[in-house]
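> I would like the atomic coordinates for the input below:
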Amino acid sequence: MKTTNPQHRLLALLSVPAFLFLVIPTAIVVPVALNDSRYITFPPEGISFAAVAGFFADRAWTSALTASLQSAAMAVVIGVLLGATAAIGLHGRKFPGQPAVVGLILAPMIVPTVVLALAFYQFFISIGMVGSIVPIGLAHAVIATPYVYLTTRASLAGLNPALVRSAQSLGAGPLSVLRHVYLPIILPGLISGALFAFSVSIDETVMSLFMQSPGATTLPVKMFTDIQFNLTPKIAVSSALLVSVATIGLLLQVLFVLKRRSSTRMLPLAVSAQT
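Numbers count the residues shown, from 1 in each chain. The predicted structure is shown next:
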């Protein structure tokens, strides 16, 4: 019979208050969003879906939500392509200046966001692109790419470069190697990186604030401006939406990891049954 290590019990006991400290403030936005009041109050005076209905009936809020989803989708697609390509291209290779290349890829995680926002604003305004959702999505893709690179590189840690060379020596082209050698290994990293990229983009405020326009205002920017001038439960509704999207993404990632582990455990049994 297995015995539980006392250190594991102590760690589990200490993790409970830390978990509650992180989750409870986030979960408070849900009852606040369902508050039966014209203003943000806690505890709620009553339960009502009026704020939720008012959020989706307000064109300004729905436009901001649509803009956030569009910029997040753009950031995910570009970030996954760039991050995965960089991780695959640098895997198993050593060359002079490689640390500098890796540092350049990870630089958006280190440079202060306000510095990046000012640089992107100056660049996009010089080419006349400020005023649409495209520059916001491109800027978000830059800060999302390092997360995809890190998760993909972590997935590639278990791949022997000799397998790639063996596939190439047997006549596999670049697309075949990518599909049959790299993709099965990096798929968990790609999904994790895509979720990180989506979360970073949907929550980014500073860059969106620099490059906003009447036709390109993201949800965090709308929340920021309304907190200053119009404090209503719609802000809590938008916060609850962001929390719900992040929670759903996390649950999907957990389910994918559990399913992949289950398939991996069943693989030796299937092989032994065939033999």
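> please count neighbours and contacts with C-alpha atoms only from this point.
Fine.
> and the residue lying closest to residue 199 once chain neighbours are set aside, how far from residue 200?
Excluding its sequence neighbours, the residue lying closest to residue 199 (Cα to Cα, 6 or more residues apart in numbering) is residue 246, at 6.8 Å. For residue 246, the distance to residue 200 equals 10 Å [Cα to Cα, to the nearest Å].
> which residues do these two both contact?
Common neighbours of residue 246 and residue 200, using Cα atoms under 8 Å, 6 or more residues apart in numbering, do not exist here.
> now do the helix or strand harbouring residue 117: distance to the chain's middle.
Secondary structure from DSSP states H and E places residue 117 in helix 113-126. In terms of Cα atoms, centre = their mean, to the nearest Å, the centre of helix 113-126 is found 22 Å from the chain centre.
> just list what it packs against, helices and strands only.
helix 206-210 (3 or more Cα pairs under 8 Å, 6 or more residues apart in numbering; DSSP states H and E).
> list the buried ones in the helix it packs on?
Burial within helix 206-210, assessed by neighbour count using 16 or more other Cα atoms under 10 Å, is assigned to 206, 207, 208, 209, 210.
> now do stretch 86-105
Under 16+ other Cα under 10 Å, the buried positions of stretch 86-105 are 86, 87, 88, 105.
> kindly check the end-to-end length of that stretch for me.
With Cα to Cα, one end of stretch 86-105 sits 8 Å from the other.
> now the buried residues of helix 206-210 in JSON lines, with distance to residue 78 and pLDDT?
As requested, the buried residues of helix 206-210 are exported to JSON lines (distance: Cα to Cα, whole Å; pLDDT from 0 to 100):
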{"residue": "206", "distance to residue 78": "20", "pLDDT": "86"}
{"residue": "207", "distance to residue 78": "17", "pLDDT": "85"}
{"residue": "208", "distance to residue 78": "17", "pLDDT": "85"}
{"residue": "209", "distance to residue 78": "21", "pLDDT": "84"}
{"residue": "210", "distance to residue 78": "21", "pLDDT": "84"}
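> dump the residues you listed into TSV; add distance to residue 228 as well.
Shown next, in TSV, are the buried residues of helix 206-210 (distance: Cα to Cα, whole Å):
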residue	distance to residue 228
206	16
207	18
208	17
209	14
210	17
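> check contacts around the residue nearest the centre of the chain.
Nearest to the geometric centre of the chain sits residue 196, at 2.1 Å (Cα atoms, centre = their mean). For residue 196, the contacting residues are 144, 147, 148, by Cα under 8 Å, 6+ apart.
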